[in-house]
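**Q** fold the following for me, if possible:
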Amino acid sequence: MIRHAKQIYEELHPDRVVRYEGSKRSYLGFRFSNGWYRGFRQRYSISLRCSTKRAQKSPEQLEPIL
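**A** Sure, this is the predicted structure:
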């Protein structure tokens, strides 16, 4: 996600990105810190948890309801 965020930042603000020899870049006016990353995920409700295919209740527990 941070790689994509840097790419979007570079597209929106090309004047704030300094390119050095090779592929190294410096982003002026923005820090892609862990705090920024956590806040971004929280603002947009992005979870890193995987959903499972397991049911919360076993078929035997659901039989009386059906």
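
**Q** drop to CA atoms for contacts and neighbour counts, all remaining ones
**A** Will do.

**Q** and Tyr44, what does it touch?
**A** Residues counted as contacts of Tyr44 (C-alpha atoms under 8 Å, 6 or more residues apart in numbering): none.

**Q** which parts of this structure are strands?
**A** Listed in chain order, the strands of the chain (DSSP state E) span 17-19, 25-27.

**Q** want to throw those strands into a markdown table with mean pLDDT, distance to Leu62 and mean neighbour count?
**A** Formatted as a markdown table, the strands of the chain follow (pLDDT from 0 to 100; distance: least, C-alpha to C-alpha, whole Å; neighbours: other C-alpha atoms under 10 Å):
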| stretch | mean pLDDT | distance to Leu62 | mean neighbour count |
| --- | --- | --- | --- |
| strand 17-19 | 92 | 58 | 13 |
| strand 25-27 | 90 | 55 | 14 |
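
**Q** Serialize those to a markdown table and add fields for distance to Arg38.
**A** As requested, those are exported to a markdown table (distance: least, C-alpha to C-alpha, whole Å):
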| stretch | distance to Arg38 |
| --- | --- |
| strand 17-19 | 23 |
| strand 25-27 | 19 |
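
**Q** Ser58: which of those strands is closest?
**A** Proximity of the strands of the chain to Ser58 was assessed by C-alpha to C-alpha; the nearest stretch is strand 25-27, lying at 51.9 Å.

**Q** thank you, goodbye.
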